[in-house]
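J.: can you look at this prediction? I've put the sequence above it.
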Amino acid sequence: MDLPEKPKHVAVIGSGLAGLTAAYFLQQSGHTVELFERGGSAGMDLASVDVDGHRVDVPFRVFTPDYYPCLHSLYMHLGIDTAAADYSLAFTRPDGSTLWSYTNLSLDDFQIPIPDSVSGERLAIVRDWTRLLFASACAVRSPHELRPFGPLDMPMGRYLAENHYGDVFISGVLLPFLGSVFTCSVGAAAGYPANAVLHFVAKAAFGSRLRKARGGVSEVCRRLLRDQNKVRYNSPVARITRDLCVVLEDGNEHQFDAVVVATPADTAACLVADVAPKLAQALSLIEYEDACVVTHRDSVVMPTRPETWRGVNIMGCPTGCGRAMASHWLNYVEATSTGRAFASPLFQTVDPRPQISADRIAAAAGFHRSLLSVDSQHTVNDIHRMQGQGRVWVVGAYAAPGVPLLEGCVRSAADVAVGLGSKLPFDMPKLERKRRNGSTYEIGLAPGMVRGEAVHAFYELDAAGTFDFKRPRLASLQGRALGHWVRAWIAWLAFIVILPALASILATTSTLLVTALGASTAHRVKASILDFFLYTLCTLCLAIRKIY
């Protein structure tokens, strides 16, 4: 591997996934790295717990290669074995009764959610869920609608209201679902940009199955740290001076050529205030919320009837605000992925509302999670533009475009490592944009790359190739399973042929109905037609599922 011309002495503050990845990339390129961690072990695995001889991630971490292409590339490079699992969902009312649920039908590496019932208000939920999936698929076909300051650059709550989604779907299903995935309150979920949410939904719904590291995040940490010789645990950093001296809370000082801050943005803002005040100001605009995650054996958090339990069970808020409660049924999730077995029912609940018996708690931990809003999404470009000011760099989920998840940790770490002169040890998806003449240019922090357009490029480029469907050829499918062949044809026909035609037909039909009947009546007619179609389709799918 080629070494950088001038190896640097670099401090990395924080050992979550972003800090570990940045340190790994820098170390692999020949830089001298010192890793500072406040706790007694790697931050990414600090809250995990051992139960029945198995290491349980806290919080439970899953990913889909389609929304997490950088994370997936890192795992493959490290040799991390991953396992797919069934993350079917159940949504419950505050009294524990089931509002709506679905079970996944697997087709190769793809899952099709089949609603467990379409009776009563559940049919309206299926209708709105289908509308959202259709809208997300149409959005990724039109990247200009997703980019900042485009027509979808608005709060998700406003988007749902303007497009007449039902109240039960919004308050009972979608916002609690988004809150559980993004680890935020339902109010914060309503404030997420619609372009970010639709982009995420498209990737999650139409991509491959959710996966988890088979050995858990402890294995990820072990492999990222195996070549790190200078890891300072129990070493909280107090500040960074203008001459790049890292001052610890115990008064010890360490001099460096560059500093990478891998802490939450609000903490980073305080650390870099003296050396990079403009960057600190931008970081202070990133908002946060705190979440509580409890691993336990108390079924009080689950739906009333055990036969309605699913992989993830989500309960909305009684008042429609506050935080939803999401409970992972770890027995089911692990059994359908790693094959692990626990001695008795085991759950992991985010923000539990019913009081969990203290004698049934295995572990409890608090987490500080960054939020995304229309304004903070624009701030990501500002942070990208100011990286390296005063020889200080920041990494983390908040520092990359898209929903702040594990993918942003790896993407921002790779970007900063390249900005510091590192050569990545494997190929990662690039962020590129097209000029009007058709030529492309790369967005990044290395010399010669363009800064401050990361969010634009993220929405314009399908880095994972989720929707880059080519007409299947027989030669390319030889040796593949029948399910792969069927999925390839279905995907190509649906996205390349049927979706554009259907979008055009629906737009024309909608215009004609509004002209003939008026907006209100036309909306009811369209809903009735869609309800009939979905009821018939779901009934057929349920019948097929019973047979097989």
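T.: Received it, and whenever you're ready, just let me know what you need. Numbering: from 1, shown residues only.
J.: what's the domain layout of the chain?
T.: Taking automatic domain parsing as the reference, the chain has its domains at 9-46+214-287+373-460, 82-213+288-370.
J.: which of these has the lowest mean pLDDT?
T.: Comparing mean pLDDT over those, the weakest stretch is domain 82-213+288-370, at a mean of 92.
J.: and the end-to-end length of that domain?
T.: Distance between the boundary residues of domain 82-213+288-370 (CA to CA, to the nearest Å) amounts to 26 Å.
J.: can you start the count at 4 instead of 1 from here on
T.: Renumbered: residue one is now 4, and that last one reads domain 85-216+291-373.
J.: how far is that domain from where the chain is centred?
T.: Chain-centre distance of domain 85-216+291-373: 12 Å, with CA atoms, centre = their mean, to the nearest Å.
J.: out of the domains of the chain, flag the one nearest residue 61.
T.: domain 85-216+291-373 (5.6 Å; CB to CB). C-beta here means a position set from N, CA and C on the backbone, and glycine is covered the same way.
J.: against residue 270, how distant is residue 244?
T.: 17 Å (CB to CB, to the nearest Å).
J.: of the two, who's got more company?
T.: Each of residue 244 and residue 270 had its neighbours counted (other CB atoms under 10 Å), and the higher figure belongs to residue 270 (19 against 12).
J.: which helix or strand contains that one?
T.: Taking DSSP states H and E as the criterion, residue 270 maps to helix 268-274.
J.: what's that helix packed up against?
T.: strand 240-243, helix 280-286 (3 or more CB pairs under 8 Å, 6 or more residues apart in numbering; DSSP states H and E).
J.: give me the residues contacting the last one.
T.: Right, the one you point to is helix 280-286. Helix 280-286 is contacted by residues 268-269, 271-273, 275-276, 382, 385-386, 389-390, 392-393, 395, 397 when judged by CB atoms under 8 Å, 6 or more residues apart in numbering.
J.: can you pick the most crowded of the residues you listed?
T.: Among these, residue 397 has the most neighbours (other CB under 10 Å), with 32 neighbours.
J.: so that one sits against residue 389, correct?
T.: No: when contacts are counted by CB atoms under 8 Å, residue 397 is not listed as touching residue 389 (9.0 Å).
J.: so which elements touch the host helix or strand of residue 330?
T.: Element membership of residue 330, judged by DSSP H and E, is strand 328-332. Here strand 328-332 touches helix 178-185, strand 315-318, strand 350-353, going by 3+ CB pairs under 8 Å, 6+ apart.
J.: residues near residue 9, how many?
T.: There are 9 residues near residue 9, going by other CB under 10 Å.
J.: that one touches residue 424, doesn't it?
T.: Yes: contact status for residue 9 versus residue 424: in contact at 7.1 Å, counting by CB under 8 Å.
J.: start and end of stretch 139-154, how far apart?
T.: Stretch 139-154: ends 13 Å apart by CA to CA.
J.: name the residues that touch it?
T.: Under CB under 8 Å, 6+ apart, the answer for stretch 139-154 is 155-156, 198, 201-202, 204-206, 208-209, 380-381, 384, 458-459, 462-465, 469-470, 498, 502-503, 506.
J.: narrow those residues to those in strands?
T.: Among the contacts of stretch 139-154, DSSP state E puts none in strands.
J.: residue contacts, the spatially closest residue to residue 302 that is not a sequence neighbour?
T.: The shortest distance from residue 302 to any residue other than its chain neighbours is 6.1 Å, reached at residue 348 (CB to CB, 6 or more residues apart in numbering). Counting by CB under 8 Å, 6+ apart, residue 348 touches 300, 302, 332, 334.
J.: ok, now how distant is residue 348 from residue 331?
T.: 12 Å.
J.: repeat for residue 324
T.: For residue 324, the distance to residue 331 - CB to CB - is 23 Å.
J.: more neighbours, the two?
T.: residue 331 (25 against 12).
J.: circling back to that earlier point, of all the domains of the chain, which one comes closest to residue 541?
T.: Of the domains of the chain, the one closest to residue 541 (CB to CB) turns out to be domain 85-216+291-373, at 4.6 Å.
J.: secondary structure element for the nearest residue in space to residue 259 that is not next to it in sequence?
T.: Nearest residue to residue 259, sequence neighbours excluded (CB to CB, 6+ apart): residue 14, at 4.5 Å. Assigned by DSSP H and E, residue 14 belongs to strand 12-16.
J.: let me see the contact set for the most centrally placed residue in the chain.
T.: Closest to where the C-alpha atoms of the chain average out (CA atoms, centre = their mean) is residue 408, at 4.3 Å. By CB under 8 Å, 6+ apart, the contact set of residue 408 is 66, 70-71, 185, 400.
J.: next: residue 184.
T.: 203, 406.
J.: measure it to residue 357 for me?
T.: From residue 184 to residue 357 the distance is 22 Å (CB to CB).
J.: same check on residue 297?
T.: Taking CB to CB, one finds residue 297 at 11 Å from residue 357.
J.: these two: which has the busier surroundings?
T.: When residue 297 is set against residue 357 and neighbours are counted by other CB under 10 Å, the residue ahead is residue 297, at 21 against 14.
J.: how about the more buried one: which residues does it bridge to?
T.: Beta-bridge pairing for residue 297 (DSSP bridges): residue 352, residue 367.
J.: so what pairs up with the residue nearest to residue 394 when sequence neighbours are not counted in the strands?
T.: Distances taken as CB to CB, 6+ apart put residue 261 closest to residue 394, at 4.8 Å, once the chain neighbours are dropped. Taking DSSP bridges as the rule, residue 261 bridges to residue 13.
J.: what is the burial count for residue 261?
T.: The burial count for residue 261: 21, using other CB under 10 Å.
J.: pretty sure it contacts residue 397?
T.: No: taking contacts as CB under 8 Å, residue 261 lies outside contact range of residue 397: 11.9 Å.
J.: so residue 47 sits in a helix?
T.: Yes: according to DSSP: H, G, I helix; E, B strand; the rest coil, the state of residue 47 is that of a helix.
J.: that one contacts residue 23, correct?
T.: Yes: using CB under 8 Å, residue 47 is in contact with residue 23, at 6.2 Å.
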